[in-house]
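K.L.:
just need the structure, nothing else, for what follows:
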Amino acid sequence: MSTLDLCEKYFDTRDVYKLLGVDKQAVDKDIKKAYHKLSLLVHPDRVPEAQKAEATEKFKVLSKIYQVLTDAQKRGLYDEQGIIDDDDEGKLSTWMELWEKIFKPITVEDISNFEREYLGSEMELRDIKMAYLGGKGCINYMMNHVPFMGVEDEPRIKEIVAGMIASNDVPEYKIFTEEPAAKRNKRHRKYARESEEAKIIKERRERREQKDAEATSGGSLEQQILARRNQREGNYNSLMDRLLEKYGGEDDSDTVDFSAYDKKKKLKAKTQSKKTAVKSGRVKKQKS
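P.N.:
The predicted structure follows:
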């Protein structure tokens, strides 16, 4: 299947400019921005396991379009004849490498910021409409094809689709407007179970990351205190070694003799005692 066929299959259009939401005169900067915004929605690393296969195909299509529209020769061929050359079709790793060269790695903050921009946008309305038509009103299908949609979003999504039905923009599917309670309850139980599993996985990952961070920074607080004490002892011992090396030695002739100092100290004390006796008017005869 050609790239344009895949555009029609996954994005409901063969017009690559319309798909990206840019004008035909858009410059590379605008194309790059639009590509980044759309590719975040279908990046294989951020969708549930059940959506990975389709997300991978969508991601490849978007990457191919970006490559075409940022290449003057390929873009000219498409503009003039509506043709995209698929002879250079690459593997997913090639498209992933292309994406990683252009953009920084996706973070949780990036996804959260984009989610805020996406909810209530024209892009979300288009995705809701396509998912509603694609699944013929099946809400389970819609949850697998509308980014960020969860059971808590069902009232809002139902209101949006009801507006589309009222304006004859989409047909009414009874499976959507009159969904059996058993089917809805089953979906909600599954969602609750998956949410709990996701929470456990997240907690495990955070504990592992914290453990890795502690190992990198020197371990727990107790380990850091012990390491710091050993470092201080090592520094002290090193200082003493340097002092001994500079002032010490193994030659006995360098040993300080304190005996002469003691004799001098005793003589000084005896002289001081005689002076005190004369000053008080009492001269004590020295014994021979």
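K.L.:
would you agree residue 131 is in contact with residue 145?
P.N.:
Yes - between residue 131 and residue 145 there is a contact under C-beta atoms under 8 Å: 4.0 Å. C-betas here are computed from N, CA, C, even on glycine.
K.L.:
so the two - more neighbours on which side?
P.N.:
residue 131 (22 against 19; other C-beta atoms under 10 Å).
K.L.:
the more buried one: which element?
P.N.:
According to DSSP states H and E, residue 131 maps onto helix 122-134.
K.L.:
next SSE after that helix?
P.N.:
Note on helix 122-134: by DSSP H and E, the next helix or strand toward the C-terminus is helix 139-145.
K.L.:
packing partners for the helix ranked longest in the chain?
P.N.:
Identified as the longest helix of the chain according to DSSP state H is helix 181-217. Applying 3 or more C-beta pairs under 8 Å, 6 or more residues apart in numbering; DSSP states H and E, one finds that helix 181-217 makes contact with helix 139-145.
K.L.:
can you mark which positions in the helix it packs on are buried?
P.N.:
The neighbour-count check on helix 139-145 (16 or more other C-beta atoms under 10 Å) flags 139, 142, 143, 144, 145 as buried.
K.L.:
doesn't residue 161 make contact with residue 125?
P.N.:
No - with contacts counted by C-beta under 8 Å, residue 125 stays clear of residue 161, the gap being 10.1 Å.
K.L.:
give me the more crowded residue out of the two.
P.N.:
residue 161 (23 against 13).
K.L.:
low-confidence stretches in the stretch 51-200 of the chain?
P.N.:
Scanning the stretch 51-200 of the chain for pLDDT under 70 picks out 87-106, 108.
K.L.:
count the neighbours of residue 156 for me.
P.N.:
Neighbours of residue 156 (other C-beta under 10 Å): 13.
K.L.:
show me what the host helix or strand of it is packed up against.
P.N.:
Residue 156 is part of helix 154-166 when elements are defined by DSSP H and E. Applying 3+ C-beta pairs under 8 Å, 6+ apart, we find helix 154-166 packed against helix 122-134, helix 139-145, helix 174-177.
K.L.:
okay if I get those as a markdown table plus distance to residue 212?
P.N.:
Formatted as a markdown table, the helices and strands packed on helix 154-166 follow (distance: least, C-beta to C-beta, whole Å):
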| stretch | distance to residue 212 |
| --- | --- |
| helix 122-134 | 37 |
| helix 139-145 | 33 |
| helix 174-177 | 46 |
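K.L.:
of the ones you listed, give the one that comes closest to residue 74.
P.N.:
helix 122-134 (25.4 Å; C-beta to C-beta).
K.L.:
related to what we said a few turns ago, output the contacting helices and strands for the helix holding residue 131.
P.N.:
Partner elements for helix 122-134 (3+ C-beta pairs under 8 Å, 6+ apart): helix 28-42, helix 139-145, helix 154-166.
K.L.:
try it again at 10 Å.
P.N.:
Judged by 3 or more C-beta pairs under 10 Å, 6 or more residues apart in numbering; DSSP states H and E, helix 122-134 is in contact with helix 3-11, helix 28-42, helix 108-118, helix 139-145, helix 154-166.
K.L.:
buried residues in that helix, which are they?
P.N.:
123, 124, 127, 128, 129, 130, 131, 132.
K.L.:
distance of residue 154 from residue 15?
P.N.:
Using C-beta to C-beta, to the nearest Å, residue 154 is found at 32 Å from residue 15.
K.L.:
when these two are compared, which one has more neighbours?
P.N.:
residue 154 (17 against 13).
K.L.:
wait, doesn't that one sit right on residue 128?
P.N.:
No - contact criterion C-beta atoms under 10 Å: residue 154 and residue 128 do not qualify, at 11.6 Å.
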